[in-house]
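A.B. asks: give me the fold of what follows.
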Amino acid sequence: MAVARRRIDVQEGKAALNAWLEGAPPPSGTPLARAVLATAVRYSLEELTARAPGNSVEVRVPPFGVTQCVEGPRHTRGTPPNVIECDAATWLEMVTGQLAWAEAVTAGRVAASGLRADLSALLPF
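C.D. replies: Model prediction:
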């Protein structure tokens, strides 16, 4: 299975993730902060796809990005059967280990539907 080509340079992505960690959450309304947040989210979604290639789970972090990952049945039309959605801060907290998957789901910070919609084995990286 081919892995999607990265759009965010790995070094740039790691730098954005580190910048987010140092200043999380970024001040709202700051253009640079929004750009850093967007890059960190997109990089981490690409990293998730690289670590768990596939098309059976769709991960949505609006408005910054979406990816499909995890091996399994490929979804091609309509709403996917396995969908995970959360805001950017929640996503980055889970990616960096500041928030456990189970805690985020229990607190209602993550909407997860479908049998494969569980990233606990893949997070944090």
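A.B. asks: do you know how far the residue lying closest to R6 once chain neighbours are set aside is from Q98?
C.D. replies: The shortest distance from R6 to any non-neighbouring residue, by CB to CB, 6 or more residues apart in numbering, is to E46 (5.2 Å). Every C-beta, even on glycine, is put in place using the N, C-alpha and C of the backbone. Using CB to CB, to the nearest Å, E46 is found at 20 Å from Q98.
A.B. asks: who has more neighbours out of those two?
C.D. replies: When E46 and Q98 are compared on other CB atoms under 10 Å, the one with more neighbours turns out to be E46, at 21 against 13.
A.B. asks: give me the most central residue, the chain.
C.D. replies: Residue closest to the mean C-alpha point of the chain, counted by CA atoms, centre = their mean, is L45 at 4.2 Å.
A.B. asks: next, that one: secondary structure please.
C.D. replies: helix (DSSP: H, G, I helix; E, B strand; the rest coil).
A.B. asks: what residues are up against it?
C.D. replies: 59, 61, 65-67 (CB atoms under 8 Å, 6 or more residues apart in numbering).
A.B. asks: among these, which one has the most neighbours?
C.D. replies: V59 (26 neighbours).
A.B. asks: helix, strand, or coil at that residue?
C.D. replies: V59 ends up strand, using three-state DSSP.
A.B. asks: what pairs with it across the strands?
C.D. replies: For V59, the beta-bridge partners are T67, I84 (DSSP bridges).
A.B. asks: just S113 next, same as before
C.D. replies: Here S113, judged by DSSP bridges, has bridge partners V83.
A.B. asks: just give me how far stretch 116-125 sits from the chain centre.
C.D. replies: Offset of stretch 116-125 from its chain centre (CA atoms, centre = their mean, to the nearest Å): 10 Å.
A.B. asks: scratch that, stretch 66-75 is what I was asking about
C.D. replies: 13 Å.
A.B. asks: in it, what counts as buried?
C.D. replies: For stretch 66-75, the neighbour count (16 or more other CB atoms under 10 Å) marks 67-70, 75 as buried.
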